[in-house]
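J.: dropping a prediction and its sequence here:
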Amino acid sequence: MSLISLKKVTKRFEVKNDTILAVDQVDFTVEEGEIFGIVGYSGAGKSTLLRLLNGLEETTEGRLTVNQQEIAHLKAKELRQFRKDIGMIFQHFNLLWSRTVLENIMLPLELAKVPADKRCERAEELLHLVGLDGRGSAYPGQLSGGQKQRVGIARALANHPKILLCDEATSALDPQTTDEVLQLLKQINQDLGVTIVLITHEMHVIRKICHKVAVMEEGKIVEQGNVMEVFSHPKEEVTKRFVQQETFPEVVEENTLDYFSKNYTQGKIAQLTFRGEKSKHPILSQVIKEFDVDISVIQGQIQEINHSSFGTLIVELTGEEEEIRAALNKFILEGVGVEVVGDE
Amino acid sequence: MNNKGIKATYFDFSNLDAEKFKTATQETLMMTIVSMVFVIVLGLLLGLILYSLAKSNKKSSSFFYSVVSILSNIFRSIPFIILILLLIPFTKALLGTFLGAKAAIPALVISATPFYARLVEIAFREVDEGVLEAADGMGASKLEIVWKILLAESRPALISGITVTTITMIGFTAMAGAVGGGGLGQLAYYQGYMQGDLTTTLFATILILVIVFIIQWIGDLLVTRVDKR
């Protein structure tokens, strides 16, 4: 059974004379041990959706089970108990400024009635886990953003939760710190087996650590699946926009290719598209060795998405016509997308 | 008044009675401290009620909020000297007398509690929503949220509120003195003004100022101590 499962989950807010549909008939499941990313622009409803998962918001319609419990059926006290098995981290960290780092990490333990000596021991352990040894007596006000989020992560993990919810956890951090925090989350997922559900508006975050992704727009999930699949074959307009934002900072336009073919008259211009697994092999050098052609890269953009490469290269192939044809065939056989300029 | 001249009026030490000053100071401090204990406890409660009612989105809550809010505004707005007079029968029924330092306490508490409750409400409102949500997400109960989050995170504002209220309270005790409430106010008024001994009035004033400064100093010190932002 899936750890988290949503069936036609809907959330409406009644405000004055208006109804706002924040989450609209959402279906998805998250398996144990997964990192599940929900990506969408602000106002798409991802924040509300995330809060349904630990009952901070109540569902209006639909079935939502987490950890084999249907949240809507929980009484107030059971809900509080249930929440102790789910950690949550936030964009603005939400630490208590009045408590030291160690005391912040101990808060959920106090709430779970863990004895005082055990609390301290566990907090020190967590401090080590997130790489903040020795900073236990500092106050959050004395820490950098990245360090604060590490404290937030330590606090969220205090009661050994099965699930960690991340609410735009890296959106307030600079790129360098973002990657460090993402690395830590990945490590927590791998080492502790904690299932992670995160929401973000940055494709970068999805690309870096998520196994599965759901794209959200106007309360609906418009597309979901493995990150690689969604990335290589985006169907919806909004998904394409996200994919472009990350993978193709420069979209290769038809006239750009024409420009290249006019300026590189020596050989043939081709656009090679790499989609994952295949591109781990050194295909370019294989082709050069096997066929009597020269290949020079004119322009390219290759990115790593969850261990596989994805992107495009524009190359110029020079050599005998026959050899070039054979080389291009080889690319196609290896699963690389080939588009030759001026070839109808 | 008399015609002794300015210098002789304010600096005639012949009538200064150290013993009287000691008693009066003790009375003022007693009135202030005892009243403040009540004001802090009741003010925190009332402030919490106001805060919770304002936050809740039930229809009945906004009605009760208005009721509590209007009542506390009324008591806050009645000039203190009039409030004491109004409360004389109440004080008599409660304590058997309306004279002396002890008798001033009910009026002091009733007048200062709504004032402090407002400051408490504002202090609670300034606690970061995100931190409250985080605690909620950790499965904290309402009581735990009040104890561990609200009170802890609003400490500087609560303390500076106590400082302000205490200083206002000392002003009130002086007024209470004028209608038989004892303390430095009474000394300044009866011994000083009524009997033409302005040196005593001046000294009583200086003592009150010293007390106020000390309270302000302690309050500021505590705020910088607890504020780790």
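T.: That came through fine. Numbers count the residues shown, from 1 in each chain, chains lettered A, B, ... in the order given.
J.: list the contacts of the residue in the stretch 201-344 of chain A that chain B sits nearest to.
T.: Using Cβ to the nearest Cβ, the single residue of the stretch 201-344 of chain A nearest to chain B is A:His201, 18.1 Å away. For glycine as for every other residue, the C-beta is placed from the backbone atoms N, C-alpha and C. By Cβ atoms under 8 Å, 6 or more residues apart in numbering or on different chains, the contact list for A:His201 reads A:39-42, A:168, A:171.
J.: so which of the residues you listed are in strands?
T.: Counting by DSSP state E, the part of these found in strands is A:Val39.
J.: can you narrow the contacts of A:His201 down to the ones near chain B?
T.: With the criterion set as Cβ under 8 Å from any Cβ of the partner chain, no member of the contacts of A:His201 is near chain B.
J.: pLDDT at residue 162, what is it?
T.: Just so you know, I chose chain A. Listed pLDDT for A:Lys162 reads 95.
J.: I was after chain B.
T.: If you check B:Ile162, the pLDDT there is 97.
J.: same check on the one 10 residues further on?
T.: Listed pLDDT for B:Phe172 reads 91.
J.: wasn't A:His92 part of a strand?
T.: No. Judged by DSSP: H, G, I helix; E, B strand; the rest coil, A:His92 forms no part of a strand; its state is coil.
J.: doesn't B:Gly130 make contact with it?
T.: Yes. A:His92 lies in contact with B:Gly130 (Cβ atoms under 8 Å); the separation is 5.5 Å.
J.: which parts of chain B are strands?
T.: Using DSSP E, strands in chain B do not occur.
J.: who in it is up against chain A?
T.: Counting by Cβ under 8 Å from any Cβ, the residues of chain B near chain A are B:128, B:130-131, B:133-141, B:144, B:148-149, B:152-153, B:155, B:226, B:228-229.
J.: buried stuff in the longest helix anywhere in chain B?
T.: Taking DSSP state H as the criterion, chain B has its longest helix at helix B:18-55. Across helix B:18-55, burial judged by 16 or more other Cβ atoms under 10 Å in any protein chain shown covers B:21, B:23-25, B:27-32, B:34-36, B:38-40, B:42-44, B:46-54.
J.: all helices of the stretch 151-300 of chain A, in order?
T.: Here the stretch 151-300 of chain A has its helices, by DSSP state H, counting those that start in this stretch, at A:175-192, A:203-209, A:227-232, A:237-246, A:254-263, A:283-290.
J.: alpha carbons of the longest one, as CSV, please.
T.: Which is helix A:175-192. C-alpha atoms of helix A:175-192 as CSV (Å, rounded to 0.1, in the frame of the first residue of the first chain):
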residue,chain,number,x,y,z
PRO,A,175,22.1,28.8,-5.2
GLN,A,176,25.1,27.4,-3.4
THR,A,177,23.3,26.9,-0.1
THR,A,178,20.3,25.5,-2.0
ASP,A,179,22.4,22.7,-3.4
GLU,A,180,23.9,22.0,0.0
VAL,A,181,20.5,21.7,1.6
LEU,A,182,19.2,19.6,-1.3
GLN,A,183,22.2,17.3,-0.9
LEU,A,184,21.4,16.9,2.8
LEU,A,185,17.7,16.1,2.0
LYS,A,186,18.9,13.4,-0.5
GLN,A,187,21.2,12.0,2.1
ILE,A,188,18.4,11.8,4.6
ASN,A,189,16.2,10.1,2.1
GLN,A,190,18.9,7.5,1.3
ASP,A,191,20.3,6.9,4.7
LEU,A,192,17.2,7.1,6.9
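J.: what helices or strands is it leaning on?
T.: On a contact count with 3 or more Cβ pairs under 8 Å, 6 or more residues apart in numbering or on different chains; DSSP states H and E, helix A:175-192 meets strand A:35-39, helix A:145-157, strand A:163-167, strand A:195-200, helix A:203-209.
J.: those: lowest mean pLDDT?
T.: With a mean of 89, helix A:203-209 has the lowest mean pLDDT of the helices and strands packed on helix A:175-192.
J.: which strands and helices sit next to it?
T.: Checking 3+ Cβ pairs under 8 Å, 6+ apart, helix A:203-209 ends up next to strand A:35-39, helix A:175-192, strand A:195-200, helix A:227-232, helix A:237-246, strand A:293-305.
J.: from the middle of its chain, how far away would the first one be?
T.: Relative to the mean C-alpha coordinate of its chain, strand A:35-39 is positioned 5 Å out (Cα atoms, centre = their mean, to the nearest Å).
J.: and that strand, what does it pack onto?
T.: helix A:46-53, helix A:175-192, strand A:195-200, helix A:203-209, strand A:212-217.
J.: one more: the third one?
T.: The contact analysis (3+ Cβ pairs under 8 Å, 6+ apart) places strand A:195-200 against strand A:35-39, helix A:46-53, strand A:163-167, helix A:175-192, helix A:203-209.
J.: now do the third one against strand A:195-200, angle only.
T.: Meaning strand A:163-167. 10 degrees (axes from the mean of the first three to the mean of the last three Cα atoms, to 10 degrees).
J.: strand partners (parallel or antiparallel) of strand A:163-167?
T.: Strand A:163-167 sits in its sheet next to strand A:86-90 (parallel), strand A:195-200 (parallel), going by DSSP bridges.
J.: nearest residue to B:Val120 other than its sequence neighbours?
T.: Closest residue in space to B:Val120, ignoring its immediate chain neighbours: B:Gly47 at 2.6 Å, by Cβ to Cβ, 6 or more residues apart in numbering or on different chains.
J.: and the one you found, what does it touch?
T.: Contacts for B:Gly47 (Cβ under 8 Å, 6+ apart) come out as B:116-121, B:123-124.
J.: what's the distance between B:Ala18 and B:Leu207?
T.: Using Cβ to Cβ, to the nearest Å, B:Ala18 is found at 12 Å from B:Leu207.
J.: and residue 167, what is it in contact with?
T.: No chain was given, so I picked chain A. If you count contacts by Cβ under 8 Å, 6+ apart, A:Asp167 has them with A:47, A:50, A:88-91, A:198-199.
J.: other chain: chain B
T.: By Cβ under 8 Å, 6+ apart, the contact set of B:Ile167 is B:212, B:215-216.
J.: where do the helices sit along chain B?
T.: For chain B, the helices defined by DSSP H cover B:6-10, B:18-55, B:59-77, B:80-95, B:101-125, B:129-137, B:142-144, B:151-153, B:155-176, B:183-186, B:198-226.
J.: deepest of the ones you listed, which one?
T.: Mean neighbour count (mean count of other Cβ atoms under 10 Å in any protein chain shown) peaks for helix B:183-186 among those, with a mean of 28.
J.: what's that one packed up against?
T.: The helices and strands touching helix B:183-186, judged by 3+ Cβ pairs under 8 Å, 6+ apart, are helix B:18-55, helix B:155-176, helix B:198-226.
J.: residues in contact with that helix: which ones?
T.: The contact list for helix B:183-186 (Cβ under 8 Å, 6+ apart) reads B:21, B:24-25, B:27-28, B:31, B:101, B:104, B:173-178, B:180, B:204, B:207-208.
J.: kindly recompute the last result at 10 Å.
T.: B:20-21, B:23-32, B:99-101, B:104, B:170-180, B:192, B:200-201, B:203-208, B:211 (Cβ atoms under 10 Å, 6 or more residues apart in numbering or on different chains).
J.: tell me the bridge partners for the closest residue to A:Leu272 other than its chain neighbours.
T.: Of all residues not flanking A:Leu272 in the chain, A:Leu313 sits nearest, at 4.7 Å (Cβ to Cβ, 6+ apart). Counting by DSSP bridges, A:Leu313 forms beta bridges with A:Leu272, A:Gly300.
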